[in-house]
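Student: below are the sequence and a predicted model; questions follow.
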Amino acid sequence: MLQKINLEKILFLDIETVAQSSDFSQLNDDIKAHWERKANFIAKDDETPESLYERAGIYAEFGKIVCISVGFINIENGIKSLRLKSYYNDNEQKLLTDFFELLNNHYNNRDSLLCAHNGKEFDFPYIGRRALINGINIPEILDLAGKKPWEVAHLDTLQLWKFGDYKHYTSLSLLTSIFNIPTPKDDIDGSMVNQVYWKDKDLERIANYCQKDVVALTQLFLKFRNETIIAQENIIT
């Protein structure tokens, strides 16, 4: 039962990813060929490998992580607060190394849990794949090798909402709307992150957007437990 989970042992997280290069033309011939095959498989109507490349960031083989935002709940005198932190960097290896330091130092025991929306199909495997590509050891909490399903310390609000319905996808945005979770209006959405990174070169803007998703994720998890959400004045960046 969700109510039995210790809230203070959960690290809520969200990642933002972009294509590895600013433009398809900058790829080497080998990667170009692989992307062309991938693009031909997912293309619709008159879409081309060049026009589709801005979406390459959703694939760990063709993208990279530029931001990981995290949040953890602290409870004092029955009052919940949420503390936020973002790891963002043009250097993905440095970003992952810093994030893994947090996991290894503070989320490396049996009680620790990671939580993300669609995390089991996107965030968690993406982080693991990019760690391998960067030659970085994967923290225990992210390493699934040899683990039984019940030993995996991952929570996924999308999977919780599915109730076993594997064909059903519901966005975090829709869930916050139907649960009446207040979310600040943002000037960007997920589809714009690649442009904000490569054209505007504004990592802080991406980090701010990513943190808002962590807040929404945390509040949604509390709703799933039938608990009151965290007051805005108790959300600390």
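Tutor: It's in.
Student: can you show me the CA trace of the longest helix belonging to the chain as PDB?
Tutor: Counting residues, the longest helix found in the chain (DSSP state H) is helix 203-224. This file holds the C-alpha atoms of helix 203-224, laid out as PDB (Å, rounded to 0.1, in the frame of the first residue of the first chain):
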ATOM      1  CA  LEU A 203      19.800  25.800 -19.400                       C
ATOM      2  CA  GLU A 204      18.400  27.600 -16.400                       C
ATOM      3  CA  ARG A 205      15.000  28.000 -18.100                       C
ATOM      4  CA  ILE A 206      15.000  24.300 -18.800                       C
ATOM      5  CA  ALA A 207      15.900  23.500 -15.100                       C
ATOM      6  CA  ASN A 208      13.100  25.800 -13.900                       C
ATOM      7  CA  TYR A 209      10.600  23.900 -16.200                       C
ATOM      8  CA  CYS A 210      12.000  20.600 -15.000                       C
ATOM      9  CA  GLN A 211      11.600  21.500 -11.300                       C
ATOM     10  CA  LYS A 212       7.900  22.400 -11.900                       C
ATOM     11  CA  ASP A 213       7.300  18.800 -13.200                       C
ATOM     12  CA  VAL A 214       9.000  17.500 -10.000                       C
ATOM     13  CA  VAL A 215       6.600  19.500  -7.900                       C
ATOM     14  CA  ALA A 216       3.600  18.300  -9.900                       C
ATOM     15  CA  LEU A 217       4.800  14.700  -9.600                       C
ATOM     16  CA  THR A 218       5.200  14.900  -5.900                       C
ATOM     17  CA  GLN A 219       1.800  16.500  -5.400                       C
ATOM     18  CA  LEU A 220       0.200  13.800  -7.600                       C
ATOM     19  CA  PHE A 221       1.800  11.000  -5.500                       C
ATOM     20  CA  LEU A 222       0.300  12.600  -2.400                       C
ATOM     21  CA  LYS A 223      -3.100  12.700  -4.100                       C
ATOM     22  CA  PHE A 224      -2.700   8.900  -4.800                       C
END
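Student: what packs against it?
Tutor: strand 10-19, strand 63-76, strand 79-88, strand 113-116, helix 157-162, helix 172-178, helix 193-198 (3 or more CB pairs under 8 Å, 6 or more residues apart in numbering; DSSP states H and E). In this view, the C-beta of every residue, glycine as well, is placed from N, C-alpha and C.
Student: give me the contacts around the helix or strand just after the first one.
Tutor: Heading C-terminal from strand 10-19, the first helix or strand you meet, by DSSP states H and E, is helix 29-42. Contacts made with helix 29-42 from outside it, assessed by CB atoms under 8 Å, 6 or more residues apart in numbering, are listed as 24, 27, 47-49, 52-53, 56, 59, 61-62.
Student: low-confidence stretches in the protein?
Tutor: The model of the chain has pLDDT under 70 over residues 185.
Student: which residues does Leu52 contact?
Tutor: Leu52 makes contact with 39, 42-43, according to CB under 8 Å, 6+ apart.
Student: revised request: answer the last question for Arg83.
Tutor: 71-72, 74, 236.
Student: among the contacts of helix 29-42, name the ones in helices.
Tutor: Per DSSP H, the subset of the contacts of helix 29-42 in helices is 49, 52.
Student: give the buried subset of the contacts of helix 29-42 as a ChimeraX selection command.
Tutor: Burial among the contacts of helix 29-42 is assessed by 16 or more other CB atoms under 10 Å; the matching ChimeraX selection reads:
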select :24,27,49,52,53,56,59,62
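Student: perfect, that will be all.
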